[in-house]
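[1] build me a model from this:
(2 chains)
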Amino acid sequence: MSDLIIPKQILDGMIAHARELAPYECCGILAGNNGIVSRQYRIKNIVATEGAQNLSSFDPAKAAHLERLSPAERAEIAFVMDMGDFSAAKKDMRNNGLDLQVVYHSHPHDPARPSVTDIKIATDYEEIWPKINLPAPAYLLISLMNPVPEVKNYWIKAGQVSPAPFAVR
Amino acid sequence: MIKVRIPTPLRPLTKNQGEVDIAAATIANMVETLEATYPGIKARLCDDSGELRRFVNIYVNEEDIRFLKGKDTALKAGDEVSIVPAIAGG
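    From the prediction side, this is the model:
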């Protein structure tokens, strides 16, 4: 499979999103056609909403950890997408003939690598994508731990992480 | 009967079943019927006023009920309902 192409403007848009929300995590999705991204959708991170950790796929240890934190502290180490926003994006993609390509989120304090939680939830979600008529996306991470942001993209399949290279145009 | 797909995080409430078949005329009806058999599930899906929580989606045959009639969305025999947890990570 050839590399995904992400326009510079959209790459900059994701980094801007990450910086705006820092020290909290941002999240969103990218869509396009034929391996070329053409649209960024920002999605609200609602992990600070009381009880939000209950219904996402957090494992019991992570959920217990999140329960002990304040809402603001939770948003520094986790994200939960507002699924109303997600469905609005899904509808817009369908209306415009776009395919889901990437799910992105930021790591304000950590490297641009999927966490154990990221890998578990992505693996749980593998069976969900076909049921909601969407292709399984790649997972893109934006790290703000160093002055120069680091952006990396991955496939997560059956608990295994592999690089999903992309080119910026 | 309709088929309801249960996501991994809710399976402890449904005796680890990933799919359950129930009779229901609407989504609200489905939630009440699920609650009667699997107590505790309603609170995971709906807030105190009965509205769908923002961190869960319910799809009827691939369409989000937010774009249908919400909890009043009608169900008919053979429909497939997917309860979808929020995309999340750490």
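[2] alpha carbons only for contacts and neighbour counts from here, please
    Will do.
[3] chain center to stretch B:27-44: distance?
    Centroid separation for stretch B:27-44 versus its chain: 8 Å, with CA atoms, centre = their mean, to the nearest Å.
[4] just the mean pLDDT for it, thanks.
    Mean pLDDT, stretch B:27-44: 95.
[5] same thing with stretch A:120-140?
    Stretch A:120-140 comes out at a mean pLDDT of 93.
[6] C-alpha coordinates for it, PDB please?
    Provided in PDB are the C-alpha atoms of stretch A:120-140 (Å, rounded to 0.1, in the frame of the first residue of the first chain):
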ATOM      1  CA  LYS A 120      -6.300  -2.200  23.500                       C
ATOM      2  CA  ILE A 121      -9.100   0.200  22.500                       C
ATOM      3  CA  ALA A 122      -8.000   0.100  18.800                       C
ATOM      4  CA  THR A 123      -8.000  -3.700  19.000                       C
ATOM      5  CA  ASP A 124     -11.500  -3.800  20.500                       C
ATOM      6  CA  TYR A 125     -12.700  -1.400  17.800                       C
ATOM      7  CA  GLU A 126     -11.600  -3.700  15.000                       C
ATOM      8  CA  GLU A 127     -14.900  -5.600  15.100                       C
ATOM      9  CA  ILE A 128     -16.900  -2.400  15.300                       C
ATOM     10  CA  TRP A 129     -15.700  -0.500  12.100                       C
ATOM     11  CA  PRO A 130     -17.300  -2.900   9.600                       C
ATOM     12  CA  LYS A 131     -20.600  -2.900  11.600                       C
ATOM     13  CA  ILE A 132     -20.900   0.900  11.300                       C
ATOM     14  CA  ASN A 133     -19.800   0.800   7.600                       C
ATOM     15  CA  LEU A 134     -16.400   2.500   8.000                       C
ATOM     16  CA  PRO A 135     -13.000   1.200   7.000                       C
ATOM     17  CA  ALA A 136     -10.500   0.600   9.800                       C
ATOM     18  CA  PRO A 137      -8.400   3.700  10.100                       C
ATOM     19  CA  ALA A 138      -4.800   4.300  10.900                       C
ATOM     20  CA  TYR A 139      -3.900   5.900  14.200                       C
ATOM     21  CA  LEU A 140      -1.900   9.100  14.200                       C
END
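[7] ranges for the strands of chain B?
    Per DSSP state E, chain B carries strands over the ranges B:2-5, B:19-22, B:56-60, B:63-64, B:80-85, B:88-89.
[8] quick one: distance of the last one to the chain centre.
    Using CA atoms, centre = their mean, the mean C-alpha position of strand B:88-89 is found 20 Å from that of the whole chain.
[9] how about the fifth one?
    Offset of strand B:80-85 from its chain centre (CA atoms, centre = their mean): 6 Å.
[10] coming back round to it: next, format the strands of chain B as CSV and append distance to chain A, mean pLDDT and mean neighbour count.
    CSV is the format used below for these (distance: least, CA to the nearest CA, whole Å; pLDDT from 0 to 100; neighbours: other CA atoms under 10 Å in any protein chain shown):
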stretch, distance to chain A, mean pLDDT, mean neighbour count
strand B:2-5, 9, 96, 19
strand B:19-22, 13, 96, 14
strand B:56-60, 6, 93, 22
strand B:63-64, 7, 90, 21
strand B:80-85, 5, 94, 23
strand B:88-89, 4, 94, 27
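[11] fine, thanks again, bye for now.
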